[in-house]
Structure formats: structure tokens, C-alpha cells
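Fold the following, please.
(chains A and B)
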Amino acid sequence: MVTNMKEVKVEVIGPEPACVRCQTAKKIVEKTAERLRQAGMSVKVERANIISKEVVGKYGVLVSPAIAINSVVKIMGRVPAEEEIERLMREAAK
Amino acid sequence: MHEKTVRKLKTILLLLFVFFVVGMLIYSRIALALSFTPTTTPEDFSKYVWYEVPFYYLWDYFSHAWICLLFAFTAAGLVYEFMPKEIITKYMGSSKLAGYALGAGLAPFFTVCSCTMVPLFAGILYTGAGIGPAITFLLMAPAANILTILITGEFLSWEIAIVRIITSLATAVIAGVIISKTSWGKTIEKEHRVNRNPSTAQGSVEIVKPPLDERLVSALKFGGFLAKQILPYFIVGLVVVGYVTAYTPQNLVQGYLTGITGVLLASVIGGPLYTPTLVEVVLGRSLFQLGMSKAALLSWLMGQPYDIPNMVAVSRIVRWKVVLTYALIAWACSVTFGLLYGIITASL
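Take a look at the predicted model:
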């Protein structure tokens, strides 16, 4: 079952210390990632600081909370539903 | 097939709710000729015992204001969700003019919640747009976000809401341009510039659009989130406003918050006295009823951008010299525009 599934790296991008909605976004991402891991996918979740030069250099100006999957910002300025983020992660793993 | 039907049904229900809220606002406006603002005048309050004041005030307030508040939070959620935020990422930094236009015209709509303000400020500063547009955005955001506009318009008057937007825009652009010309502004800009070349950058932005029903749910959820964040402060603020309304002698307000002294005083207490979002509108309304001049009211409302917690957060990025410069410019502008408005409308 764990055949040719790519590793998925999810970055939750927000200010430090995290704003309320960024914390919610992070929780949803973590929860979904855990479920997908149990299904055999390899998922890594990281937190990135929206006002760091690395993030601005990599992506440009973002609206928090932003979520990037494999270095592509897919969601910006809102908290996604669990099913939505799961869909995106599964697509990225293909 | 089944899932599709559920989605459609959900979309229809959500749209119905949105139409209901908008419809209620229009209906109450036209058919009931209901005003959203409290009807009690300061004199009515003096007959209550001190502990009764907040209850009467809150009741008076919410029995009138609920439609407007419901509409304001729903609208804020919808605007925030459906505004194309990727425009900022795409065009910010493409040219100075685009930077100012986006900073003043578009970005404020995303910042109904103060937690997005400082990150966006930093983001604008770091990209090629530089410090001018970043300052413009920072000063424009508290005056021009959708919630403030709606609440100011409905609770005070649409005249002052529009004047507030125009004067804030002028202030924001003036402050941005001046700071981008100062030596300390330029130093900060150089220090923070991040060179980003889209063709070599390792990351990219491809926003996905979820189905309409999910977007509507998330818009309403965000509206609810805003209400949860703002309403507690709003209610505490209202209790205080209740007391101010009930116990502030009218001649005190009429004596100090009118004329040139009034503008000066209002511009000073409106700023550093940190009033949580939207309370400034209600408190301003109270003072206005008690006899504050329109000129002083405008200065009072324009004092918002230089509140202390905001200045502290921003100073961590750009240091105090820039912060003090923009605070000074914003203060000077609030006095100037207050006086001008007073002279033009003959209500100094």
C-alpha cells in the first residue's frame, strides 16, 4: 500500500508568536497529517515565521495564516476545513 | 451524485442566510425606519441607580444594533474570504506606485483582525515596495477595514465615515512618502530589503479555490470568529461608555471638546488611550451627543493609528525613530484635518 507515495511537507506560515487563527490552522493540519500517516503516507509538518526573511524571500508577501504544501502556497488568509487540507495533501503525495 | 446534492443544498442554505441578513438590514431601514443607534439621551440615564446604568445601556444598544452588527460581521467575513488576496503577493513590489495603491486601497480590507496587520506591514517592507507603502498600509488599515467603515457609517454618520476614509488616506500617503525620504527611513528599508527573484525563488503561490459552499462556511466562520474576538471588548467598552454618557456633565464636554482646544484634546486622547476596535466609534458617539464638535470627533477617530500596542509591535521591526516620525505626522494630520473639517462644515 505504501508504494510510490511521495513525501509531503506542509508549512504552516504565520507570525511568531502564533495568532489564534494560525494556531487553529496548525491544529487542523497536525490532526489531518496524523490520520494520513496512519494510512501510510509520509507527512512532515513545520511552522514558518511569516515575517522572517526566509519566508518573504521564498514566497513574497503573504496573508496569515498561510499553508504551503511542498513549497507551494495553497491557502492564504483563512483556516481550511479538514477535508480540504486532506484533499490537498493526498494530491501532493501522488 | 449524492455529495453534489448535499453541496448544492448547503450552498443554497448559506446564500439564503446571507440574503436574509442583507434583507433584514434593508427592510429595517426602509419599512421600519428603525435607527440602529440607541435612542436614549444622556438625560435619561441620570434617573437610573449606578448599577442599573450598564444594563439599560446595553439593552438599549443591542436591541437596536443587533441587525447592524450581524450585517457588519457577516459582510466582513464575506469580503475577507472572497477578496483575491494573491493580488498582494503578485503585485506588491512591482513598482512604487503599485505599492502605494495596494497598501492604501486593498490591503486594509484584509486586516479586520489586528493579528494580520503587523505581518502584512513587515511583508510589504521586505519586498521591493519598501517602507513608504508599508507605512501607508499601517496607517490606513485601522480606518479603512470593512468593519470600521460599516460601524462608523451606521452608528455615527455616513458623512463622517467617508470623511474619515479620505482624510486617513491623505494622512497615510503623506506619512509614507515623507518617511521614505528620510535618512532613517531609507536605512531601515535597505536593512530589510529581501531580494526575491520569482524565477529563481524555491517557493511559489498557487491558491486553490475550494467549492462555493466551503468558502461560504469559512466566510461565516470567520465572521463569527471576529465577533468572538471583538464583542467582549465591545461590551466592556459599552459599559464604560454607559457611565461616561450618564455621568459626564454636558458642560464639561461642551467646554473642552469644542473649538481649537477640542480638536487638540481629542486628537491627543483619541490616540494613546487605547480603545479596542470599534469602541472608539461608540465612545465618539457618546461624546458627540454630549456636545463634542464634529471637528473634534474627526480628530478623535483619526487618532486610532497611533495607539500604543501597535506602535510597540511595529517598533520591533523598524525601531523607534520611524515610529515616532509617523506618529507625529499622523497626529499633525489629525489636528489639521479636524480643524479644516470644522471650518468647512462650520462646526468647530
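
So is the lowest-mean-pLDDT helix or strand in chain A next to chain B?
Ranked by mean pLDDT, DSSP states H and E, the weakest helix or strand in chain A is helix A:53-59, scoring a mean of 84. Yes - if you take C-beta under 8 Å from any C-beta of the partner chain as the test, helix A:53-59 does meet chain B, through A:Lys53, A:Val56, A:Gly57, A:Lys58, A:Tyr59. Glycine gets a C-beta too; all of them are placed from N, C-alpha and C.

So what are the sheet partners of whatever helix or strand comes next after that helix and their directions?
Going down the chain from helix A:53-59, the next helix or strand is strand A:66-69, by DSSP states H and E. Partner strands for strand A:66-69, per DSSP bridges, with pairing direction: strand A:8-14 (antiparallel), strand A:72-76 (antiparallel).

Could I have the CA atoms of the helix or strand following the shortest one written out in CSV?
Later in the chain than strand A:72-76, the nearest helix or strand by DSSP H and E is helix A:82-93. Listed next in CSV are the C-alpha coordinates belonging to helix A:82-93 (Å, rounded to 0.1, in the frame of the first residue of the first chain):
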residue,chain,number,x,y,z
GLU,A,82,-10.0,19.2,7.5
GLU,A,83,-11.4,17.6,4.3
GLU,A,84,-9.9,20.3,2.2
ILE,A,85,-6.4,20.1,3.6
GLU,A,86,-6.6,16.3,3.4
ARG,A,87,-7.5,16.5,-0.3
LEU,A,88,-4.5,18.8,-0.9
MET,A,89,-2.1,16.6,0.9
ARG,A,90,-3.3,13.5,-0.9
GLU,A,91,-2.9,15.3,-4.3
ALA,A,92,0.7,16.3,-3.3
ALA,A,93,1.6,12.7,-2.4
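
Run the angle between helix A:82-93 and strand A:8-14 for me.
130 degrees (axes from the mean of the first three to the mean of the last three C-alpha atoms, to 10 degrees).

Return the set of buried residues in helix A:82-93.
Within helix A:82-93, the residues that count as buried by 16 or more other C-beta atoms under 10 Å in any protein chain shown are A:Glu84, A:Ile85, A:Glu86, A:Leu88, A:Met89, A:Ala92, A:Ala93.

That one vs chain B: in contact?
Yes - judged by C-beta under 8 Å from any C-beta, helix A:82-93 comes into contact with chain B at A:Glu84, A:Leu88.

Now do that helix: everything it contacts.
A:5-8, A:10, A:28-29, A:31-33, A:35-36, A:41-43, A:67, A:69-70, A:74-75, A:80, B:208, B:210, B:214 (C-beta atoms under 8 Å, 6 or more residues apart in numbering or on different chains).

most tightly surrounded among the strands paired with strand A:66-69?
Among the strands paired with strand A:66-69, ranked by average contacts under mean count of other C-beta atoms under 10 Å in any protein chain shown, first place goes to strand A:8-14 (a mean of 23).

Can you name the next helix or strand after that strand?
Beyond strand A:8-14 on the C-terminal side, the first helix or strand identified by DSSP H and E is helix A:20-38.

Return the set of buried residues in that next one.
A:Arg21, A:Cys22, A:Thr24, A:Ala25, A:Lys26, A:Ile28, A:Val29, A:Thr32, A:Ala33, A:Leu36.
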